[in-house]
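S.K.: Give me a 3D structure for the following:
(one chain, ligands or ions: 1)
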Amino acid sequence: MKISMAYEARISEILAEMTLEEKIAQMQQVSPESFRPEVFENFRKLGGGSFLHVLGKDADAVRADAENTRMKIPPIFGIDAIHGHSLLNGAVIYPSQLAMACSWNPSLIKKMGKATAEEVNADGLDWVFSPVLCIGRDTRWGRVDETFGEDPYLVGTLAAAITEGYEEDGLVAACLKHYIGYGEETGARDAYDTEISMRKIREVFLPPFRRAVEAGASTVMTAYGSISGVPMTAHRQLLREVLKDELGFDGFVVTDWYNVGSLRTKQKAVESFADGVRVTVESGNDMSMNSYQFYEHAIRLVKEGKLSMELIDEAVRRILRVKFSLGLFDENKKRMPKECIGSKEHIEINHALTCESLVLLENNGVLPLKETPKKIAVVGPNADDIRAQYGDWTFFSHPNRAPEDTMPKGDYYTVLRGLKTVFADSEVAYAKGCDVMGYSADTMMNEAIALAEDADVVIAVIGDILAQNGEGKDRAVLELSGRQGELIRKLKATGKPVITVLVNGKPLCLGDVIENSDALIETFNGGDLGGLCAAEMIAGKFNPSGKLPISFPRASGQVPCYYNQYAGWHATKYMDVDEGSRYDFGYGLSYTNYEYKNLAISADTAKAGDVLTVSVDITNTGDMDGAEIVEMYYNDLYSSVLTPTRQLCGFTKVFVGAGETVHVELPLAVNDLSLVNANCETVLEPGDFEIMVGGSLATLQTVALKITE
Ligand code: BGC
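M.R.: Have a look, this model is predicted:
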């Protein structure tokens, strides 16, 4: 959906009719959780502008209440549909954002966005609090699982794609979050202060928002934290001047949960709640999530002349614009049939996306399995833990903890169930071996080793669990927890082939698990089908093509280790850890090999505004068909400010049949080689550049490009 400006006259009429109280109610978003039920009931009657975490029939009932208010303005219902409509048990749960980013497949991610929009819309809701545009650089941060990884270009491309998927048919509004710099806090402690310069914001953090705003996003969510001491909720420059004026964002801005109240209670940036309300609105926030006292204070401030009515009108106009654009005022608002929730079509999209989201990190030739094993020993704490596999933001984790005995209603596969399904003719037995956390009993470990000794192949599934991963769950130690490393070591000692599958929220420091595994597969949080697709990949039913959207550190103390840092200068490495990340951004193996030849560029000299073509021939030299992600980077050799020595500026995914050669062309917009100079201006500096293409950072080939005035 592109936000429509066709309703401005109608909105002016509505604004002229509305009372102050009705306007402020539009700016209020309320959740039935977290505070007294009467507050929620009250806002239903008052004509609250938005409700969150209200599903299905409950949303219908709230909508019906709005019909009985004087102005009959429909509320907009928001939901944390972060990887599918995942707070609803029965909806399709896709891989987490970090997992799906491994596919590097914008068109598939767009399809997933559309399928999610259909399910959310069918459930009577209008607005997804997705996508997350935070950049996962400091992987200690608990919410890295929610990001598309560490690179602004990849994040921007995938965020634009999923936004188009959500919004294209006008089924739901997207919400770009969290604006801005969230995830860069000191020590990666959620929502602590962040020191980022405006230059860095413009270089790294703003471009994904620009892409997604251009893709038609209707709303943006203000981050919890602060930048250089200025709370984001109070960041007039970034909210008004940059987002609304410079990026031309016409939709509305919603705060994150209780941001208004936190200005006083947590950030101590204002002395009173009322002052918090004034600052929030003046700085450019249009809707207040869940600081329900906003309503009474805002009314009083306007009456006392302390808050301008014009700002209120502007905020309400933006909210109504999105409501009109979504068709919420139409009597026959488009609603998808309920049957689309968990439908076969959506499961098929999920299957395709999950297969492409798996990354093969190691393989000594054991995979794909050459023969069907008679006995498979499945071992490890995450082999049959669907909660760990789903990760954050499902009905298990939000909004209320599901009772212990809750099970997913949809079709879901842990790795154990996936293996039993795919290897239906094998004997598949399971022993946990150890827990993810804590010192598990020797008896558990011994049982697993005995099982391994008696099997033809061992599939070990380890990683992290919800207690270590997700919102508010930052980690100081990223090394594998509990006795998991020891378990893999002991399995290796049995002499049986050990295939390790990782089910985890984010990159972990894997230590000797790497040497002790004959093959290593990263699934991150794979959603409903993570376990099935892992089993299919082990069986060779498809050729893995996923590549990492994020670097893996060797040790916790090496974090952050993202690839596009500026050139090292004096000491390029820590004395006690090898140089570079353990697995690079852009790395991933396949069951075949690709050879890159004939790298060329359509011109070796160019200027601002030009669009060049970079081409390369890729040969599949193995005997299995495959899909290869082709990565393109650039290096501005000499520049007025430091720039990364390798920065992603293009990619594509091509199918290459066994023994075939494919000619690949990548467009290169010269303006994308711009930098942000010391005055915070985005400029293209003439000079020498390198354009690099390859299947991983370690195998890039280079052509030269000169930029002239
Ligand atoms: C999170 C947001 C989320 C909101 C509503 C907050 O705690 O930071 O990402 O959308 O809650 O659930």
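S.K.: Let's test this: name the helix or strand in this structure with the lowest mean pLDDT.
M.R.: Using mean pLDDT, DSSP states H and E, helix 37-46 stands out as the lowest-scoring helix or strand of the chain, at a mean of 88.
S.K.: buried stuff in it?
M.R.: 39-40, 43-44, 46 (16 or more other CB atoms under 10 Å). C-betas here are computed from N, CA, C, even on glycine.
S.K.: Which SSE is immediately downstream of it?
M.R.: Downstream of helix 37-46, the next assigned helix or strand under DSSP states H and E is strand 50-52.
S.K.: Residue in the chain with the shortest distance to the ligand?
M.R.: Using CB to the nearest ligand atom, the closest approach of the chain to the ligand is made by Phe129 at 3.7 Å.
S.K.: you'd agree that residue is up against Ile76?
M.R.: No. Look at Phe129 against Ile76 with CB atoms under 8 Å: they stay out of range, at 11.8 Å.
S.K.: State the phi and psi torsions of the residue in the chain sticking out farthest from the centre.
M.R.: In the chain, counting by CA atoms, centre = their mean, Glu304 sits farthest out from the average C-alpha position, at 43.0 Å. Backbone geometry at Glu304, expressed as degrees, to the nearest 10, gives phi -80, psi 0.
S.K.: Kindly provide the distance from it to Val428.
M.R.: 71 Å (CB to CB, to the nearest Å).
S.K.: re earlier: could you report the distance from the residue farthest from the centre of the chain to Ala424?
M.R.: From Glu304 to Ala424 the distance is 73 Å (CB to CB).
S.K.: Would you mind naming what in the stretch 201-350 of the chain lies close to the ligand?
M.R.: Neighbours of the ligand within the stretch 201-350 of the chain, by CB under 6 Å from any ligand atom: 256-257.
S.K.: Run through who's touching stretch 351-358.
M.R.: Stretch 351-358 is contacted from outside by 94-95, 99-103, 105, 108-109, 111-112, 521-524, 526-530, 532-534, 536-537, 542, 544-546, 627, using CB atoms under 8 Å, 6 or more residues apart in numbering.
S.K.: how far out from the middle of the chain is it?
M.R.: 15 Å (CA atoms, centre = their mean, to the nearest Å).
S.K.: Ok, stretch 635-652 next?
M.R.: On the basis of CA atoms, centre = their mean, stretch 635-652 sits 24 Å off its chain's mean C-alpha point.
S.K.: Endpoints of that stretch, how far apart?
M.R.: In stretch 635-652, first residue to last residue: 19 Å (CA to CA, to the nearest Å).
S.K.: Ok, stretch 66-82 next?
M.R.: Stretch 66-82 has an end-to-end distance of 27 Å (criterion: CA to CA).
S.K.: Strands along the stretch 301-450 of the chain, start to end?
M.R.: Here the stretch 301-450 of the chain has its strands, by DSSP state E, counting those that start in this stretch, at 359-363, 375-379, 427-431.
S.K.: Give me whichever of the ones you listed is most buried.
M.R.: Of the strands of the stretch 301-450 of the chain, the one with the most neighbours on average (mean count of other CB atoms under 10 Å) is strand 375-379, at a mean of 26.
S.K.: Show me what from this structure comes close to the ligand.
M.R.: 80, 129, 177, 256-257, 471.
S.K.: 8 Å instead, please
M.R.: 31, 52-53, 78, 80, 82, 129, 132, 143, 146, 175, 177-178, 221, 224, 256-257, 289-290, 398-399, 471 (CB under 8 Å from any ligand atom).
S.K.: returning to that earlier point: look up how far Leu700 lies from the residue of the chain closest to the ligand.
M.R.: 37 Å.
S.K.: Compare these two (neighbour count), which wins?
M.R.: Taking neighbours as other CB atoms under 10 Å, Phe129 and Leu700 compare with Phe129 leading, 24 against 20.
S.K.: The contacts of stretch 351-358 in helices, which ones?
M.R.: Assigned to helices by DSSP state H, the following of these qualify: 99-101, 108-109, 111-112, 530, 532-534, 536-537.
S.K.: Give me the distance from stretch 270-287 to the chain's centre.
M.R.: For stretch 270-287, the distance to the chain centre is 29 Å (CA atoms, centre = their mean).
S.K.: ok, how many other residues are close to Met71?
M.R.: Counted with other CB under 10 Å, Met71 comes out at 14.
S.K.: Also the one 4 residues further on?
M.R.: By other CB under 10 Å, the residues close to Pro75 number 26.
S.K.: Of the residues of the chain next to the ligand, which belong to strands?
M.R.: Per DSSP state E, strands hold the following members of those: 52, 78, 175, 177-178, 221, 289.
S.K.: Do a quick rundown of the strands in the stretch 51-200 of the chain.
M.R.: For the stretch 51-200 of the chain, the strands defined by DSSP E, counting those that start in this stretch occupy 76-79, 127-128, 175-179, 193-194.
S.K.: CSV for these, including distance to Ala160?
M.R.: Output for the strands of the stretch 51-200 of the chain, formatted as CSV (distance: least, CB to CB, whole Å):
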stretch, distance to Ala160
strand 76-79, 21
strand 127-128, 15
strand 175-179, 10
strand 193-194, 24
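S.K.: now those strands in a markdown table, with mean pLDDT and mean neighbour count?
M.R.: Output for these, formatted as a markdown table (pLDDT from 0 to 100; neighbours: other CB atoms under 10 Å):
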| stretch | mean pLDDT | mean neighbour count |
| --- | --- | --- |
| strand 76-79 | 98 | 26 |
| strand 127-128 | 98 | 28 |
| strand 175-179 | 98 | 25 |
| strand 193-194 | 91 | 20 |
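S.K.: where does the protein have low pLDDT?
M.R.: 1, 34-35, 399-401 (pLDDT under 70).
S.K.: Which segments of it make up each domain?
M.R.: Domain ranges of the chain: 5-329, 358-558, 594-707, per automatic domain parsing.
S.K.: Redo these as a markdown table? Include distance to Trp569.
M.R.: Shown next, in a markdown table, are the domains of the chain (distance: least, CB to CB, whole Å):
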| stretch | distance to Trp569 |
| --- | --- |
| domain 5-329 | 18 |
| domain 358-558 | 17 |
| domain 594-707 | 9 |
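S.K.: Counting neighbours, what do you get for the residue nearest to Arg70 when sequence neighbours are not counted?
M.R.: Leaving out its chain neighbours, the residue that sits closest to Arg70 by CB to CB, 6 or more residues apart in numbering is Glu22, at 7.1 Å. Per other CB under 10 Å, the neighbour tally for Glu22 reads 19.
S.K.: Check whether Glu22 sits in a helix, strand or coil.
M.R.: helix (DSSP: H, G, I helix; E, B strand; the rest coil).
S.K.: That one touches Ala66, doesn't it?
M.R.: No. Assessed by CB under 8 Å, Glu22 is found out of contact with Ala66, at 11.4 Å.
S.K.: which neighbours do the two share?
M.R.: Common neighbours of Glu22 and Ala66, using CB under 8 Å, 6+ apart, are 47, 73.
S.K.: what about the strands in the stretch 451-600 of the chain?
M.R.: Counting by DSSP E, counting those that start in this stretch, the stretch 451-600 of the chain has these strands, from start to end: 457-463, 498-503, 519-522, 594-601.
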